[in-house]
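> sequence? don't have it. structure:
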């Protein structure tokens, strides 16, 4: 069965500094990987995905993620964090054999301080 | 931009009562999902729905839960007899094609007293 792990419950970063949110995955086949963001009392917003192709994926709001097959990782990055990036971030994986069900990680709370 | 809409945004109910949560997926999407999230914690899969039938369900989705697509637009989640532990935020999602991402609604908060 597929799974994802987000090893950090919370990441603290100063505004303007680089932001990294870590994610590792485990799947039986080729992974489809996703990042979502959730602001307080809101739904999940799609940021980016890796299906195939370039290992560096660019997404919404200046975020990008790097797929690393050997390390089974898909870390989310942003070169310069904003206070408005403070939110809960979820990594998710989908097996290619499933009906599109996403398995979410536990989430990482990002706090960006001015 | 098309979006998934959910109603109600918040429902309070007594234990043992039936609850129906409603969703209108994005119009050209073919795959529909329900997830739940308890108090800002992990997002848990409940059920997926395709071609007017359940394609996959989790252990959480027991006999107390059912889903239906009564017409061409609405997608509903029914909980027959609510329990205290059903209190959560319920999210509906939909997607179009094979590799597509899921689009989520804003959620329906269910509080069972």
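Here it is on my side, so go on. Computed from a prediction, not measured in an experiment: that's the story for all the values here.
> what residues does residue A:44 make contact with?
Applying C-beta atoms under 8 Å, 6 or more residues apart in numbering or on different chains to residue A:44 gives the contacts A:36, A:37, A:38, A:90, B:43, B:91, B:93, B:104. Where you see a C-beta, it was placed from the backbone N, CA and C, and this is true even at glycine.
> kindly report the same for residue B:100.
For residue B:100, the contact set (C-beta under 8 Å, 6+ apart) comprises residue A:100.
> wait, is it part of a helix?
No. The assignment for residue B:100 (DSSP: H, G, I helix; E, B strand; the rest coil) gives coil, which keeps it out of a helix.
> need the per-residue pLDDT for it.
What the model reports as pLDDT for residue B:100 is 79.
> farthest pair in the contacts of residue A:44?
Put simply, by C-beta to C-beta the two of the contacts of residue A:44 set farthest apart are A:37 and B:93, 14.8 Å from each other.
> more neighbours, the two?
For residue A:37 versus residue B:93, the count of surrounding residues by other C-beta atoms under 10 Å in any protein chain shown is larger for residue B:93: 28 against 21.
> list the pairing partners of whatever helix or strand the more buried one lives in within its sheet, with orientation.
Secondary structure assigned from DSSP states H and E places residue B:93 in strand B:88-95. Pairing partners of strand B:88-95, with direction, according to DSSP bridges: strand B:31-37 (antiparallel), strand B:103-104 (antiparallel), strand B:108-112 (antiparallel).
> how about these in TSV, adding mean pLDDT and mean neighbour count?
TSV is the format used below for the strands paired with strand B:88-95 (pLDDT from 0 to 100; neighbours: other C-beta atoms under 10 Å in any protein chain shown):
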stretch	mean pLDDT	mean neighbour count
strand B:31-37	95	25
strand B:103-104	95	22
strand B:108-112	97	19
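> need these in a markdown table (columns: distance to residue B:3).
Shown next, in a markdown table, are the strands paired with strand B:88-95 (distance: least, C-beta to C-beta, whole Å):
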| stretch | distance to residue B:3 |
| --- | --- |
| strand B:31-37 | 14 |
| strand B:103-104 | 7 |
| strand B:108-112 | 15 |
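> and these: which comes nearest residue A:66?
strand B:103-104 (24.3 Å).
> now what about that closest one, what contacts it?
Counting by C-beta under 8 Å, 6+ apart, A:36, A:43-46, B:2-4, B:26, B:29, B:35, B:91-95 sit against strand B:103-104.
> in PyMOL, select just the buried ones from those residues.
With 16 or more other C-beta atoms under 10 Å in any protein chain shown as the criterion, this PyMOL line picks the buried residues out of the contacts of strand B:103-104:
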select buried, (chain A and resi 36+43+44+46) or (chain B and resi 4+26+29+35+91+92+93+94+95)
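> and the end-to-end length of stretch B:101-112?
In stretch B:101-112, first residue to last residue: 31 Å (C-alpha to C-alpha, to the nearest Å).
> what's the spacing between that stretch and its chain's center?
Chain-centre distance of stretch B:101-112: 7 Å, with C-alpha atoms, centre = their mean, to the nearest Å.
> how close does residue B:82 get to chain A?
Remark: distance between residue B:82 and chain A (C-beta to the nearest C-beta, to the nearest Å) = 21 Å.
> pretty sure that residue is in a helix, no?
No. Counting by three-state DSSP, residue B:82 is not found in a helix; it is coil.
> for it, what are its contacts?
Neighbour list for residue B:82: B:13, B:14, B:15, B:16, B:17, B:18, B:19, B:110, B:112 [criterion: C-beta under 8 Å, 6+ apart].
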